[in-house]
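Novice: my questions concern the predicted model and sequence given below.
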Amino acid sequence: MKVLALLSGGIDSPVAIHLLQKQGCEVGAVHFHSYPLTDRASIEKAKLLSAALGVNRLFIIPLADAQSILSQQCRHELYFVLQKRMMLRIAEQLALKHSCDALCTGENLGQVSSQTLHNLVAITQAVKVPVLRPVLCNDKEEIISIAKQIGTFELSKGPEICDLLGPRHPATRAHTEKVLQEEARVDIKGMIEAAMNSLETFTPRTQNS
Amino acid sequence: MDFTIKLCKDKAGLSARPAKQTLLNLPGITSSFTALMRGPLVSVITVDGIEIVAHRYGELIFKGLFDEAKARILAEQVYAAGVP
């Protein structure tokens, strides 16, 4: 099975990728970055992580313009849900183009207030392709332990400036109907198109090559 | 203008915060320096080779800068352009 994984610079998504690889999946990755709202550290981390994991290809997509629009024009409490739906839609386009059967994320319940079951349902409804979440119910210590075993923990843990556009109190029970109303305020299709037009492809050199 | 400099919450650079609640004039800031991104809530500029994220609520984040004295000088310049 071919899977396209959303790879951040964090600890969880590399572990999610590793768990799917262990099941025999061929995994490619897509990294969304927020430069210039943030620094470039996450891009470098994603490159290093994709090489360490042996993913076959890494797509790098800028999202800062879309994030800025979402934070200005939509209900702020829904920012994280709207942003993630945008990422999944872009990833879905890439997955279809590259004959992937599913998407994968490192989302995990209980870590941040925006990653709740209600929100994940609203997020998942943005796309038609299946979304796999291998670490959804693991606790953080389990994830860190696997990350250390596979050598991604040290790569993930370095400092990076994070996007500060998010709300102090994000929605924890997003309703799809309200999410759709907010999305109607902005040009989702145009934002996806702009992001896709700025896509860069990175072919990782694996540690063995 | 009074402000404090400390390590930003992600520890990837320094940040400046005004001592009193302040709304920055972001268009004033982006027109005074090289702008990488313009927006009503947040803008990104370059000053002396340092990228600075300026938030309307007053916080400045100096990417990759850990020299407090330099951050203070840059913050004074940016606040001079952005505080009415």
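Specialist: Received it, and whenever you're ready, just let me know what you need. Numbering: from 1, shown residues only, chains lettered A, B, ... in the order given.
Novice: residue 77: neighbour count?
Specialist: This is for chain A. Using other Cβ atoms under 10 Å in any protein chain shown, A:E77 is surrounded by 18 other residues. Yep, even glycine has a C-beta here, placed from its N, CA and C like the rest.
Novice: that answer is for a different chain, and I need it for chain B
Specialist: Counted with other Cβ under 10 Å, residues neighbouring B:Q77 total 15.
Novice: and A:I143, what pLDDT?
Specialist: Note for A:I143: predicted pLDDT of 96.
Novice: isn't there a helix covering it?
Specialist: Yes - checked against DSSP: H, G, I helix; E, B strand; the rest coil, A:I143 lies within a helix.
Novice: report the contact partners of it.
Specialist: Contact partners of A:I143, counting by Cβ atoms under 8 Å, 6 or more residues apart in numbering or on different chains, are A:I11, A:D12, A:V15, A:N108, A:V135.
Novice: closest one of the residues you listed to chain B?
Specialist: Of all these, the one with the least separation from chain B (Cβ to the nearest Cβ) is A:I11, at 14.5 Å.
Novice: wait, B:G82 touches B:L23, no?
Specialist: No - counting by Cβ atoms under 8 Å, B:G82 stays clear of B:L23, with 9.2 Å between them.
Novice: which of these two has more neighbours?
Specialist: Higher neighbour count among B:G82 and B:L23: B:G82, with 25 against 13, using other Cβ under 10 Å.
Novice: show me which residues of stretch B:23-35 are buried.
Specialist: By neighbour count on 16 or more other Cβ atoms under 10 Å in any protein chain shown, the buried set for stretch B:23-35 is B:L24, B:N25, B:L26, B:I29, B:T30, B:S32, B:F33, B:A35.
Novice: contacts (any at all) between chain A and it?
Specialist: No - if you take Cβ under 8 Å from any Cβ of the partner chain as the test, stretch B:23-35 misses chain A, and the best it gets is 9.6 Å.
Novice: next one: that stretch to chain centre, how far?
Specialist: Distance, stretch centre to chain centre, for stretch B:23-35: 10 Å (Cα atoms, centre = their mean, to the nearest Å).
Novice: touching it from outside, list them.
Specialist: Here stretch B:23-35 makes contact (Cβ under 8 Å, 6+ apart) with B:38-47, B:54-58, B:78-79, B:81-84.
Novice: which parts of chain B are strands?
Specialist: Applying DSSP state E to chain B gives strands spanning B:3-7, B:13-18, B:34-37, B:42-47, B:50-55, B:60-63.
Novice: for A:L78, which of those is the nearest?
Specialist: Distances from A:L78 to each of the strands of chain B were compared using Cβ to Cβ; the minimum, 17.9 Å, belongs to strand B:42-47.
Novice: with just CA atoms, put the closest one into CSV.
Specialist: What follows is strand B:42-47, C-alpha atoms only, in CSV (Å, rounded to 0.1, in the frame of the first residue of the first chain):
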residue,chain,number,x,y,z
VAL,B,42,1.3,39.8,11.8
SER,B,43,4.1,41.0,9.5
VAL,B,44,7.6,39.9,8.9
ILE,B,45,10.5,42.3,8.3
THR,B,46,14.2,42.1,7.9
VAL,B,47,16.4,44.6,9.8
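Novice: what is the nearest of the buried residues of stretch B:23-35 to chain A?
Specialist: Nearest to chain A among the buried residues of stretch B:23-35: B:A35, at 9.6 Å, using Cβ to the nearest Cβ.
Novice: quick one: the helices in chain A?
Specialist: A:12-22, A:41-53, A:64-73, A:79-97, A:117-124, A:140-150, A:153-156, A:176-183, A:188-197 (DSSP state H).
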